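1. Requesting a structural model of the entry that follows:
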Amino acid sequence: MKALEFASMKNVLGKWVRPVGVAVAAMLLVLPWFLDIDGLSESGTRMLGVFLMAIVLWVTEAIPLHATAALIILLEILLISDQAFDVPSGTEPPPFTVFFGALAHPVIMLFLGGFFLAEGSAKFSLDRNIARVMLRPFGTSWKAIMLGLMVITAGLSMFMSNTATTATLMAVVLPVLATLDKADRLRIGMALAIPVAANIGGMGTPVGTPPNAIAVGSLADTGNPVSFVQWMVVAVPVSIVLLFIAWYALTRMFPSTGGELNVRIDATFDSSGPAWIFYGVFIATVVLWLTEPIHGMPSSVVGFLAVAVLLATRVFSGRDLQSIQWAVLWLVAGGIALGIGVGSSGLDEWLVGNVDWTSIPTGLIVIVLAVVALLLSTVISNSAATNLLMPIGLSLAITGGLGLNPVIVAFFIAIGASLAMALPVSTPPNAIAYSTGTVTTRSMATIGLIVGVVGLILFAVVAPPLWSLLGFS
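-> Numbering: from 1, shown residues only. Got it, this is the predicted structure:
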């Protein structure tokens with residue numbers, strides 16, 4: 001019932017938000033052209049219009065998020081590239097191929113590999129069977145089962161879409177919730193535990209969530225590459241601590257009136273030839289990602305290797321290919337293209353130069369960026385929020401002359417966006433949990449704020465020293 005109410009509310013709001021959003025976006029796109037903006041080149045002026053348009057369209061979702069990404073790429077080609085209808089003067093325009101190249105950026109290939117693993121896991125029920133097998137050691141205690149669900153969800157979300165992971169684990173736990181008394185608060189706690197764990201686990205790897213992929217891709221474009229393992233070394237330890245804190249908070253806020261739970265733990269693994277090929281590819285891909293410093297093969301190449309093998313062996317058919325979340329890949333590509341446009345047009349230096357950053361402590365700047373990412377991602381897509389903030393944050397680190405490390409800045413923007421989980425609209429996992437009718441907005445906001453604030457504090461204390469140990473100081 002709540003799912004229908006939520007969808008109905010979005011439809012009603014969309015009737016007036018969409019046309020207004022489109023109109024405002026169109027106006028802001030052309031407005032800078034009629035202004036004499038001191039210190040901004042013609043190319044930068046045009047890019048400012050594209051940037052403002054992107055903000056409005058991504059915040060209002062007046063058109064689909066991936067459509068906005070495509071529009072950004074098109075406008076950058078038509079307005080600021082060497083193939084622009086009126087090539088801007090004063091700067092060397094970038095070749096139009098760099099904007100098309102965002103659609104085949106290495107980080108897109110990395111993320112595509114993750115999507116293939118997620119889709120294959122669902123196709124052969126690997127994710128659900130792994131969850132059931134891994135739940136066996138946790139017995140029948142409700143606290144232990146909740147912890148088990150959260151550990152499994154977080155672990156799967158590191159290498160699969162957190163949306164797919166949430167849907168899978170929710171299917172495992174919903175039959176259990178149906179057996180509980182409606183007055184038992186554990187129903188709420190269990191339903192919240194899965195999206196919270198998926199959001200936390202997704203922070204652990206570059207393929208766990210789009211903000212991470214956007215950060216890694218943007219860093220690579222600015223000459224500050226971060227490997228799969230380096231990201232994990234910093235993010236995973238804090239994520240583990242945060243996961244246990246979230247579990248403790250959920251057990252205190254939503255205790256059970258009973259003492260035991262019976263979860264169906266039987267698992268039947270697919271033993272067909274294609275399934276065995278997929279199991280091998282899955283294991284090999286994860287192992288190669290984790291051993292990148294040893295063999296030296298970039299994680300993006302490893303991800304695409306999995307794609308090629310699964311297609312060549314016919315484990316994935318054309319129908320399976322259609323099931324991949326291409327819209328998310330386009331959204332990430334749009335963010336990468338936006339960053340390229342902001343940097344190549346000089347807009348980044350202009351934006352950074354309009355604020356006296358030297359009066360603000362360096363550490364505080366990073367935290368402010370993370371907080372802004374968290375607040376913005378609470379009400380809009382975390383991918384969109386990251387796309388908007390990443391060019392500004394990296395420009396500040398690279399050209400601001402403040403001694404900020406680009407890797408740390410990008411990391412905190414991505415983490416801040418991923419910590420936003422206070423509302424049903426904050427993340428797809430939250431929306432899935434809310435649609436079950438078990439979770440209230442108030443309960444989701446409470447645990448979401450706790451995890452967001454505590455997580456930000458933990459990362460602020462632990463992450464900078466870890467990055468310094470890895471040589472990013």
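2. next SSE after the helix or strand where M190 lies?
-> Per DSSP states H and E, M190 falls inside helix 186-202. Per DSSP H and E, the first helix or strand lying C-terminal to helix 186-202 is helix 210-221.
3. Can you mark which positions in that next one are buried?
-> Neighbour-count burial for helix 210-221, with 16 or more other C-beta atoms under 10 Å as criterion, is recorded at 210-221. The way it works is simple: take the backbone N, C-alpha and C, and place the C-beta from them, glycine included.
4. now that helix against helix 186-202, angle please.
-> 10 degrees (axes from the mean of the first three to the mean of the last three C-alpha atoms, to 10 degrees).
5. Against which helices or strands is helix 210-221 packed?
-> Here helix 210-221 touches helix 106-123, helix 326-344, helix 382-399, helix 406-418, going by 3 or more C-beta pairs under 8 Å, 6 or more residues apart in numbering; DSSP states H and E.
6. right, so of those helices, which gets closest to I283?
-> Closest approach to I283 among the helices and strands packed on helix 210-221 (C-beta to C-beta): helix 106-123, 10.2 Å.
7. what's the angle between that closest one and helix 326-344?
-> Angle of helix 106-123 versus helix 326-344, following the same axes, to 10 degrees, is 170 degrees.
8. Starting from helix 106-123, tell me the next helix or strand along the chain.
-> Toward the C-terminus, helix 106-123 is succeeded by helix 126-135 as the next helix or strand (DSSP H and E).
9. pLDDT averaged over the helix holding M190 - what is it?
-> The pLDDT scores in helix 186-202 average 92.
10. and the angle for it with helix 382-399?
-> On the basis of the same axes, to 10 degrees, helix 186-202 is oriented at 40 degrees to helix 382-399.
11. what angle sits between helix 186-202 and helix 406-418?
-> Interaxial angle, helix 186-202 versus helix 406-418 (the same axes, to 10 degrees): 160 degrees.
12. Packed most tightly, which of the helices and strands packed on helix 210-221 would that be?
-> When the helices and strands packed on helix 210-221 are scored by mean count of other C-beta atoms under 10 Å, the highest mean neighbour count falls to helix 406-418 (a mean of 28).
13. Report all helices and strands that that helix contacts.
-> Identification of packing neighbours for helix 406-418 by 3+ C-beta pairs under 8 Å, 6+ apart yields helix 210-221, helix 228-253, helix 362-379, helix 382-399, helix 441-469.
14. In CSV: those, plus mean pLDDT and distance to M134.
-> Shown next, in CSV, are the helices and strands packed on helix 406-418 (pLDDT from 0 to 100; distance: least, C-beta to C-beta, whole Å):
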stretch, mean pLDDT, distance to M134
helix 210-221, 90, 24
helix 228-253, 95, 15
helix 362-379, 87, 30
helix 382-399, 86, 27
helix 441-469, 92, 23
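15. mind checking which of these is nearest V307?
-> Nearest to V307, of all the helices and strands packed on helix 406-418, is helix 210-221, at 15.3 Å by C-beta to C-beta.
16. Out of the helices and strands packed on helix 210-221, which gets nearest to V287?
-> Of all these, helix 106-123 comes closest under C-beta to C-beta, at 12.5 Å.
17. The helices and strands packed on helix 210-221: which one's closest to G363?
-> Short answer: helix 406-418, nearest of the helices and strands packed on helix 210-221 by C-beta to C-beta, at 9.7 Å.
18. Can you give me every residue that contacts the residue nearest to G346 when sequence neighbours are not counted?
-> Excluding the flanking residues, the one nearest G346 by C-beta to C-beta, 6 or more residues apart in numbering is G44, at 4.4 Å. Applying C-beta atoms under 8 Å, 6 or more residues apart in numbering, we find G44 in contact with 37, 345-347, 350.
19. quick one: which of those residues is most hemmed in?
-> S345 (28 neighbours; other C-beta atoms under 10 Å).
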